[in-house]
Every structure is written in structure tokens, then in C-alpha cells.
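Chemist: Here is my input, please return the structure:
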Amino acid sequence: MMDWLAAWLPWSAYRALDALMSQGGMIMWVIFLVAAILLYLTLWRWLTWKTLPARRGPQPGEREALVVKAEYLRALNRMETGLPLLKALIMITPLLGLTGTVTGMVLVFDGLSLGSSADPRQLASGIARAILPTFASMAVVLPGMFFLSLWQRKVRRSLQQNNSQE
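Modeler: Take a look at the predicted model:
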């Protein structure tokens, strides 16, 4: 399943990622996909950041004032592009991790019910594997929250600076 990734990663990193994904289950692939989208959105916002154009004073005609307002709103819309998707991904990622943990725990308890004895080492290993998706989701969410708050602060600061120029 990860053959395409082997061409991009060094062998040791590929083996580590392969082991992590196989231990965490199928939900780890979804978390990996969310992490890739979050990384793309963050880099895209970083590279395409533009500040709001300075608002000019009121023009003599009503039509010119509407054009200036339209330019301002268009620039504001460009600044906020991608932020709603970033917010949504940040909100669902912990739930994905929790889903992976719950399904992993169901598998652990299902294995316990089928086995005749409960080996503490196997139980601990199963629980550790079940908790892995939650850990992975938190590792994805924390940087995502940082960059989301960074972009929101930049938008707010640009709006405040622009409104103070009026």
C-alpha cells in the first residue's frame, strides 16, 4: 500500500512509517491524509499571504467608494481563503484519533474474549497499539492549531491596521 511512498523516503524512514501505519490500523491512513492536507494548507497560506490594500479616503463619487469597498472585501476574502477548511480538519482530527482508539480497544477486548488466558504483555501491547491513533492525531492537531491561530491573528491585525487608517 505504501510502495509509492518508498520512492520519496529514505529506507529507514519508510520502514518506520510502515511499522507505525500497520500498528495503528486503517485510521492512521486517514490521519496521515489529514496531516498532508494541513501541511499543504499551511504552506500555501504562508507562500500566498497578502495584506489588505490600504483603504483610501472617501472618494467624491458614490461609485468610486463602492469600487474601493469591493477591492477591500475581495482582498479580505483572499486572506481568509483556506481557513474554514483548516478549522474543520483541526476539529475532526482528534475525533479520528478517538475512533482509532475505540476500534483498537474493541479488537483488544475481542481478542481477550476469544483467548483462554489474559497475558498481561499481550494486553499491554494491544492497548499501546490502540492508543497510537490518538497520539498521532494529537501530533497533527497541535501544529495545526498553532498555524490556524497564527493566520487568524494576521487577518485580525491586518483588519485593525486597515481600519485605523480610515
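Chemist: G97 against I131, yeah?
Modeler: No: applying C-beta atoms under 8 Å, one finds G97 not in contact with I131, separated by 9.1 Å. In short, each C-beta sits where N, CA and C put it, glycine included.
Chemist: Of the two, which one has the most company?
Modeler: G97 (27 against 16; other C-beta atoms under 10 Å).
Chemist: how about the more buried one, secondary structure?
Modeler: helix (DSSP: H, G, I helix; E, B strand; the rest coil).
Chemist: Show me what counts as buried in the helix or strand where K69 lies.
Modeler: Per DSSP states H and E: K69 is located in helix 62-79. Buried residues in helix 62-79, counting neighbours by 16 or more other C-beta atoms under 10 Å, are found at V68, Y72, A75, L76, M79.
Chemist: now swap in stretch 20-27 and tell me
Modeler: Within stretch 20-27, the residues that count as buried by 16+ other C-beta under 10 Å are M21, G24, G25, I27.
Chemist: Ignoring the adjacent residues along the chain, who's closest to the spatially most central residue of the chain?
Modeler: Central residue of the chain (C-alpha atoms, centre = their mean): L38, 3.8 Å from the mean position. Leaving aside its sequence neighbours, L38 sits nearest to G144 (C-beta to C-beta, 6 or more residues apart in numbering; 4.7 Å).
Chemist: give me every residue that touches that neighbour.
Modeler: Taking C-beta atoms under 8 Å, 6 or more residues apart in numbering, we find G144 in contact with L38, T42, L86, L89, I90, T93.
Chemist: quick one: which two of the residues you listed are the most distant?
Modeler: For the contacts of G144, the farthest-apart pair by C-beta to C-beta is T42 and T93; their separation is 13.7 Å.
Chemist: before we move on, back to that, where's the residue nearest to L38, which helix or strand?
Modeler: Counting by DSSP H and E, the element that carries G144 is helix 120-164.
Chemist: quick one: that helix to helix 62-79, angle?
Modeler: 160 degrees (axes from the mean of the first three to the mean of the last three C-alpha atoms, to 10 degrees).
Chemist: now helix 120-164: how far from the chain's centre is it?
Modeler: In terms of C-alpha atoms, centre = their mean, to the nearest Å, the centre of helix 120-164 is found 7 Å from the chain centre.
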